[in-house]
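**Q** Here you go, sequence then predicted model.
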Amino acid sequence: MDGDNSGLESDNYDWNTEDELEIENFQSSDLAVPNGDAITGSGEASSSPSSSNSKMFDHFVGMGFSEKLVSKVIQENGEENADSLLETLLTLSAVDSSPEKQQQNDLDYSSSDLEGSLLDDCSDIDSFSDNEEITKSVSENDGKLLTLVNMGYTVDVASVALERCGMNSSVDELIDFICAAQTAKAEDALMAPEEKPRCSNLTKQKKRSYYECEILGKKKLKGSEKKVFDEDEEMIHLPKPMVGFGVPTESFAITHRKLPESAIGPPYFYYENVALAPKGVWQTISRFLYDIEPEFVDSKYFCAAARKRGYIHNLPIQNRFPLLPLPARTIHEALPLTRKWWPEWDHRNKLNCLQTAYGSAKLTERIRKAIENYEGEPPPHVQKYVIEQCRKWNLVWVGRNKVAPLEPDEVEMLLGFPRNHTRGGGISRTDRYKSLGNSFQVDTVAYHLSVLKDMFPKGINLLSLFSGIGGAEVALYRLGIPLKNVVSVEKSEVNRNIVRCWWEQTNQKGNLIDLDDVQRLNGDRLEQLMNSFGGFDLIVGGSPCNNLAGSNRVSRDGLEGKESSLFFDYFRILDLVKCIMAKGQ
DNA sequence: AGTAGAATGAGAGACTTA
DNA sequence: TAAGTCTCTCATTCTACT
């Protein structure tokens, strides 16, 4: 430890939340949609001529233009050029929107409306990005209107916001206005008049718009303006060394931080994902999770294997303590039997990240043969090949010239789980590796959660989302924090069985409720559960990393990817719980 | 049907060198 | 300082085999 803590200072993060900047990025970029599909300029409408008419019509009506206006403009201009159609519609509607008419408009659209229009708008936005003249040709207010429409708001909504906030208002102010109106309306619809809790989702739609900006920003990276964009948009820098607010084995520690008002519990929450996500992902996650700075930690400071992860939580950070005994932190300590066979030319003392795939027996055989071709120490090129493969697949030495992948029980041990935690119950070896590879490093998580022990001597109620094999539950149990009621949501049946089995084996006194799908966990169900035991003390979850992880060559689509977009369900549920608990107070 | 083996790079940070 | 090199990454999918 060189005492260089600069990497941990707050200026190591760039929390540039300049709305205008992001909106600019948004405006001039291609569009992607939450399911991960990029929408190309051609658009669906033009790709299916048979339904072209109705689609173009529906497309603009769906954006909020009146049927009459759309019909008229299509009639006059044809439908070949969606860009010029939109321009005409925007110009006409801006002129047409009298204040009286706007006052009557209801600031009402559902999230599906937003998504729908976002989807539908793609071709237009893409084209706009290629045609700066169009943007320049409209007036300043038309530009703001266009920006809002591009972001998925209907023309009516955008017009009303512009009218109410005044022509000099910034786009950010306009978005704030729309968000506030939506929230007020949503609360009216959802809550009884006498009970309207102060709900943190006041900023939800705004945050959502940030998310959309992020998608666009990312797409832009792939374009010709990459360099400019990189310069303009400072990304989060990972701290070096990656020890978060502190780890037990290093002297450095930050013990105080100021959380944003909206971030403060109850409930406490704890979110986890891969540290090395595509650029912009952690900024988005952080913005959704109440602007809390992520704590990036490499579990190599806790055990013998690296695991670079980011954690966002609202837990206190002073008086943390580690699980005892402290785990072995070198390969030789963790796997003493390997020491005998470890060649001098293999200088590894830490394993790389324990992933879901593992080295094959055939590979280890090839390595053995490659080494056995030589007497004594193999030549440098062979050494290089062997070391390369060993690092790539986390192979360890188990005999003379013989390497092997870690056994599942060794992975369990390295990750802080009890031996045979994932064994049995009909799970295959491959699936054990997969479940373990997707799991928490228990010692790391427990260190962060340890502050709860004094606060909840009688135990906690836990909501565990994306539970996997129960890393959070195991961490809390090993900390000696009683688990009173645990609602565990996990899609994989074998994983649910593993947690259930562990629950029974450890003679838990509490109540375990397991559910299978976060997307089906709605407000009613949550309220019902929370009413039965009085709310959650802690909400833990590491949402899927499939579309964020560097190992994924096929679908590293970012936070809008098929699985990784489930992060938004984590946020949704967290926000719901906050609302319900606020209501109950 | 279930499992293991193998092929499939990009992206980004760390580090080195000119 | 800039460019080149090295290193690592909670994965996916197809094929062959039992």
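**A** Nice, thanks for sending it over. Quick caveat, the model's predicted, so the values are computed rather than measured.
**Q** Indicate whether the helix or strand hosting residue A:389 makes contact with DNA strand B.
**A** Assignment of secondary structure by DSSP states H and E places residue A:389 within helix A:380-393. No: contact check for helix A:380-393 against DNA strand B, using C-beta under 7 Å from any atom of the strand: none in range, with a minimum separation of 8.4 Å. To be clear about C-beta, it is placed using only N, CA and C from the backbone, and glycine gets the same treatment.
**Q** Just after that helix, pick out the following helix or strand.
**A** Sequence-wise, the next helix or strand downstream of helix A:380-393 (DSSP H and E) is strand A:395-399.
**Q** Can you check what angle separates that next one from helix A:380-393?
**A** Per axes from the mean of the first three to the mean of the last three C-alpha atoms, to 10 degrees, the angle that strand A:395-399 makes with helix A:380-393 is 110 degrees.
**Q** Check which helices and strands strand A:395-399 sits against.
**A** On a contact count with 3 or more C-beta pairs under 8 Å, 6 or more residues apart in numbering; DSSP states H and E, strand A:395-399 meets helix A:361-372, strand A:402-405.
**Q** Please identify the helix or strand for residue A:409.
**A** With elements taken from DSSP H and E, the one containing residue A:409 is helix A:408-414.
**Q** and among the helices and strands packed on strand A:395-399, the most buried is which?
**A** Burial of these is given as mean neighbour count (mean count of other C-beta atoms under 10 Å); strand A:402-405 ranks first at a mean of 20.
**Q** Please enumerate the strands of chain A.
**A** Applying DSSP state E to chain A gives strands spanning A:31-32, A:38-39, A:268-274, A:295-298, A:308-313, A:395-399, A:402-405, A:460-465, A:483-489, A:511-515, A:538-542.
**Q** any idea of the mean pLDDT for the first one?
**A** Put plainly, it is strand A:31-32. Confidence over strand A:31-32, taken as the mean pLDDT, stands at 28.
**Q** next one: the fifth one
**A** For strand A:308-313, mean pLDDT is 98.
**Q** Run through the neighbouring helices and strands of it.
**A** Checking 3+ C-beta pairs under 8 Å, 6+ apart, strand A:308-313 ends up next to strand A:268-274, helix A:281-288, strand A:295-298, helix A:442-449.
**Q** Compile the ones you listed into CSV and extend it with columns for mean pLDDT, mean neighbour count and distance to residue A:399.
**A** What follows is those, written out as CSV (pLDDT from 0 to 100; neighbours: other C-beta atoms under 10 Å; distance: least, C-beta to C-beta, whole Å):
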stretch, mean pLDDT, mean neighbour count, distance to residue A:399
strand A:268-274, 98, 24, 34
helix A:281-288, 96, 24, 42
strand A:295-298, 97, 25, 30
helix A:442-449, 98, 26, 30
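**Q** what's the closest of the ones you listed to DNA strand C?
**A** For these, proximity to DNA strand C was assessed by C-beta to the nearest atom of the strand; strand A:268-274 is nearest, at 3.3 Å.
**Q** That closest one and DNA strand C in contact?
**A** Yes: contact between strand A:268-274 and DNA strand C is present through A:272-274 (criterion: C-beta under 7 Å from any atom of the strand).
**Q** What of stretch A:328-344?
**A** No: with C-beta under 7 Å from any atom of the strand as the threshold, stretch A:328-344 lies outside contact range of DNA strand C, at a closest distance of 12.6 Å.
**Q** before we move on, back to that, closest one to DNA strand B among the strands of chain A?
**A** In this view, the strands of chain A are compared for proximity to DNA strand B by C-beta to the nearest atom of the strand, and strand A:402-405 is the closest at 8.3 Å.
**Q** Give me the residues contacting that closest one.
**A** Residues from elsewhere that reach strand A:402-405 (C-beta atoms under 8 Å, 6 or more residues apart in numbering): A:341, A:358-360, A:364, A:367-368, A:386, A:389-390, A:393-398.
**Q** again, but for stretch A:330-341
**A** A:303-304, A:327-328, A:342, A:348-351, A:396-400, A:402, A:410, A:413-414.
**Q** Indicate the residue of the stretch 401-550 of chain A located nearest to DNA strand C.
**A** At 2.0 Å from DNA strand C, residue A:550 is the closest residue in the stretch 401-550 of chain A, using C-beta to the nearest atom of the strand.
**Q** residues near that residue, how many?
**A** For residue A:550, the count of nearby residues is 12 (other C-beta atoms under 10 Å).
**Q** What does it show for phi and psi?
**A** Summarising the backbone geometry of residue A:550 under the convention degrees, to the nearest 10, its torsions are phi -70, psi -30.
**Q** what about it, distance to residue A:295?
**A** The spacing between residue A:550 and residue A:295, counted by C-beta to C-beta, to the nearest Å, is 20 Å.
**Q** Then residue A:259?
**A** Separation of residue A:259 from residue A:295 (C-beta to C-beta): 12 Å.
**Q** Ok, residue A:559 next?
**A** With distances taken as C-beta to C-beta, residue A:559 is found 19 Å from residue A:295.
**Q** again, but for residue A:423
**A** 32 Å.
**Q** try residue A:256
**A** Counting by C-beta to C-beta, the gap between residue A:256 and residue A:295 amounts to 14 Å.
**Q** Please apply the same query to residue A:448.
**A** Between residue A:448 and residue A:295 the distance is 7 Å, computed by C-beta to C-beta.
**Q** Now for those two: what residues contact both?
**A** When contacts are counted by C-beta under 8 Å, 6+ apart, residue A:448 and residue A:295 are jointly contacted by A:311, A:313.
**Q** residues contacting the residue of the stretch 401-550 of chain A closest to DNA strand C?
**A** Taking C-beta under 8 Å, 6+ apart, we find residue A:550 in contact with A:274, A:276, A:556.
**Q** Spit out the contact partners of the closest residue in space to the last one that isn't next to it in sequence.
**A** Distance criterion C-beta to C-beta, 6 or more residues apart in numbering; nearest residue to residue A:556, sequence neighbours excluded, is residue A:547 at 6.0 Å. Contacts were defined as C-beta under 8 Å, 6+ apart; by that measure residue A:547 touches A:36, A:555-565.
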